[in-house]
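Colleague: Predicted model and sequence below, questions to follow.
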Amino acid sequence: MKYKHQHLMSLAVLALFMILAAGSAKINKIHCGAFNYYDKSEEGSGRGYVLLKDGKKIYGDEISWKSGLVVKDQIKVDGEKYRIKDTRGYFYNGQYYGQVGANYAKRIISGKLNVYYTEEMVTVSSTDSRTGVTTFRDRLTCYHYVQVGDNGDLEPIAGQKDIIRFVKDCPKAVEMIDLKNGQIRKALRKNRNYLNDIFHVYNGGCR
C-alpha cells in the first residue's frame with residue numbers, strides 16, 4: 001500500500017507539472033528580450049507608494065511583497081500589510097509595477113497603452129519516445145502585458161495579432177508590426193527598441 005501511495009503521488013506531481021507547462025505555453029510566444037525592459041522613457045523618481053483599487057496611494061519608504069501556495073498574497077508598506085488583490089500596483093525605487101493576479105509586473109512603457117513584463121522559472125517536461133522516460137528542466141519564461149489607460153486590467157499579449165489588436169487605430173504602428181517573422185527578427189537585430197517603438201508611436205499620437 002505504501003508503494004502504491006507513493007506511485008499515485010508521483011503521478012499527481014507529474015500531472016501538475018504538465019498542466020503548469022501547458023498553461024504557460026498559451027501566452028509565451030513573445031520570447032524573453034523581445035522588448036527592451038530598460039526603456040529610458042520609463043524612468044521615474046519620488047517616494048514609494050502602493051496604489052489601491054480605490055485610487056488611494058499609501059506612501060512609505062520600505063515596500064515588499066510575497067505570494068505563493070503556502071503564504072498569504074500580500075504587500076507591505078513600512079510594515080503595514082495589504083492584500084495584493086486589493087491593489088492596482090506599486091511604485092518603488094523609481095519603477096512602477098502593475099498588479100496581475102497574485103503578482104506584479106514591471107512597467108516598461110507608459111502612456112495611453114502601458115506595457116509590462118514579468119519573468120519566472122517554469123518547469124517543462126519532455127519524454128523520450130524510445131525509452132518513455134520523462135525528464136523535467138527549468139526554463140526562464142517571460143510574460144508580456146498591455147494595459148489600456150491607468151485603470152485597465154493587464155491583458156497578456158502572445159504575438160503580432162495581439163499587438164495589432166491594441167494599436168489597430170494607428171496605421172503607422174500597425175505597419176511596423178504587421179510583418180513576416182523574419183522581417184521582425186531583422187528589425188529587432190537592427191533596433192533593440194523596435195517593439196517598444198511601436199507603442200511609443202501609438203502613445204505619441206501615431207507620429
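Modeller: Received the coordinates, thanks. Numbers count the residues shown, from 1 in each chain.

Colleague: Could you list the buried residues of stretch 146-162?
Modeller: 146-147, 154-157, 159-160, 162 (16 or more other Cβ atoms under 10 Å). Quick note: C-beta positions are derived from backbone N, CA and C, even for glycine.

Colleague: nope, stretch 165-173 is what I was after
Modeller: Within stretch 165-173, the residues scored as buried using 16+ other Cβ under 10 Å are 166-167, 170, 173.

Colleague: cool, and stretch 198-207?
Modeller: Quick answer for stretch 198-207 (16+ other Cβ under 10 Å): 198-203.

Colleague: cool, and stretch 35-49?
Modeller: Under 16+ other Cβ under 10 Å, the buried positions of stretch 35-49 are 35-37, 39, 42, 48-49.

Colleague: Any chance of TSV for those, columns pLDDT?
Modeller: What follows is those, written out as TSV (pLDDT from 0 to 100):
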residue	pLDDT
Phe35	97
Asn36	96
Tyr37	96
Asp39	92
Glu42	87
Gly48	96
Tyr49	97
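
Colleague: Helices - which of the buried residues of stretch 165-173 land there?
Modeller: Members of the buried residues of stretch 165-173 lying in helices (criterion: DSSP state H): 166-167, 173.

Colleague: Which of these sits closest to Gln95?
Modeller: Phe166 (22.4 Å; Cβ to Cβ).

Colleague: so what's the nearest residue to that closest one once chain neighbours are set aside bridging to?
Modeller: Setting aside the residues directly before and after it, Phe166 is nearest to Val146 in space (Cβ to Cβ, 6 or more residues apart in numbering), at 5.2 Å. Note on Val146: beta-bridge partners by DSSP bridges are Val115, Glu155.

Colleague: does Val146 really touch Ile164, like I thought?
Modeller: No. With contact defined as Cβ atoms under 8 Å, Val146 does not reach Ile164; the gap is 11.5 Å.
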